[in-house]
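Trainee: requesting a structural model of the entry that follows:
(one chain, ligands or ions: 1)
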Amino acid sequence: MEKKIEIVRLDHNGRGIGYLEGKITFVPNTLPGEIVEIETIKEKKNLIEAKVKKYVLCSKDRIDVECPYYSYCGGCNLMHLEYKNQLKYKKEKGIDILKRFGGVDIKQDVNILESPHFYYRNKVVLHVKNGKIGLYEEDSHHLVEIEKCMLLHPKINELLTKLKTVNFLNSVEKIMIRVFQNGKDSQIVFYPQENIPKEEIIHSLKNSVTSIYVDNQCIYGNSEICEKIGDRIYSVLPKSFFQVNSIAVQTLYDEVKNYLDPQPTDKVLDLYCGAGTIGLYIAPYVKFVYGIEIVKEAIDSAHKNKELNRISNIQFFVGDTKEVLKKENLMVNKIIVDPPRSGLDSKTKEYLKTLKPEKIVYVSCNPITLARDIKELNHTYQFSKITFVDMFPNTDHVESVCLLVLKTKNMNGCE
Ligand SMILES: C[S@@+](CC[C@H](N)C(=O)[O-])C[C@H]1O[C@@H](n2cnc3c(N)ncnc32)[C@H](O)[C@@H]1O
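Mentor: Presented below is the predicted three-dimensional model:
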């Protein structure tokens, strides 16, 4: 039987929502206003997951997608929506999540800062199976062999083409490629499944990249690659986190600086500091910065970055945030947090409530955990403002910078 539904809105994962016989139905690659014939993939007591069989009526916001793998590759999911409407969707999604899960009712105008929407990613992890190289389908280990990806920096696509011609692909399970400074620096890390011919790798790729690793061992060129953000230069080891959109990252860090409003007397804590990037960005404008990060290699990069940028008023600690905060009695008046998608753990939130810095600048790649944390800090900190930054165009993901300020007694209604 033909099942036809009208899409009424998008969910937080970029899927269209319609109703089939009263059941909420999620359909990827659809837009509000569209009428589609669907095929059920999964049916539960109260929901249906489906895919499009035929578009009966298309939205005026739909655009042609040039990527040949779009309908099955798990890399991105909003390429069919015009970019200005992607921004609108992400802004509304962020505001809705803050209201629903954080109890924050935003009255003021909120900005979403854009970025180039194609060829922006500086990093990819490619999978290899039976000598073929590509990306996994969404939520599966089924390989989609690709010639190029429209989100990846052109230099990564060039290296992908080159890798298709080498003889040793069968010995490899996974390949990480990172490209910095618009292609000037590039690094390939091979994760082998068996003995891998290192001499052959070097011979095949030495004219194409500046750094080659096999697992943890640098077998050719520099052990690190460097990226510039504004006036800073950052050296990064393979295991160090680095934001994947080298252009939007400056927009993001400028907004962090703007929200922090750095003063020469400020002492600032940069929690989840990665390779020390944000701390080093703001250090020249404040008295002192402390950075905390759990990955040792990232802290090794942070120390190197301190030297490269000739910045002395910063100190880094390696360890779990909550453990370091417990051990070191760091006295600061402003805090920046940039946690992973899981957000802040409860002990770290307790610490923030005790220390009572005058402001917390919260950088988040997951509005749901941001909303939860704002709610849990709500007794001590007042939500002040938020800016969304589109670090991940053509996907449903959105980054945000949020300012929380210490509540005065008046704000708590105690006086
Ligand atoms: C979203 S990244 C932000 C890094 C950095 N602020 C930047 O802009 O490049 C989150 C960082 O938190 C680190 N991390 C994860 N869990 C942690 C923990 N429990 N304590 C300290 N750092 C942690 C990760 O290794 C990663 O470098």
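Trainee: so what's residue 261 up against?
Mentor: Neighbouring residues of residue 261 by Cβ atoms under 8 Å, 6 or more residues apart in numbering: residue 359. C-beta: built from backbone N, CA, C; applies to glycine.
Trainee: need phi/psi at it.
Mentor: Note on residue 261: backbone dihedrals following degrees, to the nearest 10 are phi 50, psi 60.
Trainee: what about the residue nearest to residue 11 when sequence neighbours are not counted, neighbour count?
Mentor: Leaving aside its sequence neighbours, residue 11 sits nearest to residue 17 (Cβ to Cβ, 6 or more residues apart in numbering; 5.4 Å). Look at residue 17: counted by other Cβ atoms under 10 Å, it has 17 neighbours.
Trainee: does residue 17 really touch residue 5, like I thought?
Mentor: No: Residue 17 lies out of contact with residue 5 (Cβ atoms under 8 Å); the separation is 9.5 Å.
Trainee: intersection of neighbour lists for the two?
Mentor: With contacts taken as Cβ under 8 Å, 6+ apart, the residues that reach both residue 17 and residue 5 are 25, 27.
Trainee: give the contact list for residue 237.
Mentor: Counted by Cβ under 8 Å, 6+ apart, residue 237 has contacts 223, 224, 275, 297, 298, 300, 301.
Trainee: ok, and which of those residues reach the ligand?
Mentor: With Cβ under 6 Å from any ligand atom as the criterion, the contacts of residue 237 include residue 298 near the ligand.
Trainee: quick one, longest helix in the protein?
Mentor: Secondary structure of the chain read by DSSP state H shows that its longest helix is helix 83-102.
Trainee: buried ones in it, by neighbour count?
Mentor: Using 16 or more other Cβ atoms under 10 Å as the test for burial, helix 83-102 gives 83, 85-87, 89-91, 93-95, 97-98, 101-102.
Trainee: picking up where we left off before, what about the residue nearest to residue 11, which helix or strand?
Mentor: Here residue 17 sits within strand 16-20, counting by DSSP states H and E.
Trainee: partner strands of that strand and their direction?
Mentor: With DSSP bridges as the test, strand 16-20 is paired with strand 9-10 (antiparallel), strand 23-27 (antiparallel).
Trainee: can you tell me what sits against the longest one?
Mentor: Residues external to strand 23-27 that are found in contact with it (Cβ under 8 Å, 6+ apart): 5, 7, 11, 15-19, 36, 38, 43, 46-52.
Trainee: which other residues reach the helix or strand following that strand?
Mentor: Note on strand 23-27: by DSSP H and E, the next helix or strand toward the C-terminus is strand 35-43. With Cβ under 8 Å, 6+ apart as the test, strand 35-43 has contacts from 2-7, 16, 18, 20, 23, 25, 27, 30, 48-57.
Trainee: buried ones only from these, please, as a ChimeraX command.
Mentor: Listed next is the ChimeraX selection for buried residues among these, using 16+ other Cβ under 10 Å:
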select :3,5,7,16,18,20,25,27,30,48,50,51,52
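Trainee: whichever residue of the stretch 201-350 of the chain sits closest to the ligand in helix, strand or coil?
Mentor: The nearest approach of the stretch 201-350 of the chain to the ligand comes at residue 274, 2.9 Å away (Cβ to the nearest ligand atom). Counting by DSSP: H, G, I helix; E, B strand; the rest coil, the backbone at residue 274 sits in coil.
Trainee: rewinding a little: could I get the contacts of residue 237 as a markdown table with neighbour count?
Mentor: Formatted as a markdown table, those follow (neighbours: other Cβ atoms under 10 Å):
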| residue | neighbour count |
| --- | --- |
| 223 | 13 |
| 224 | 23 |
| 275 | 29 |
| 297 | 18 |
| 298 | 24 |
| 300 | 19 |
| 301 | 27 |
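Trainee: if you look at the contacts of residue 237, which of them are in helices?
Mentor: 297, 298, 300, 301.
Trainee: right, and the second one touches residue 275 too?
Mentor: Yes: under the contact definition of Cβ under 8 Å, residue 298 touches residue 275, with a separation of 5.1 Å.
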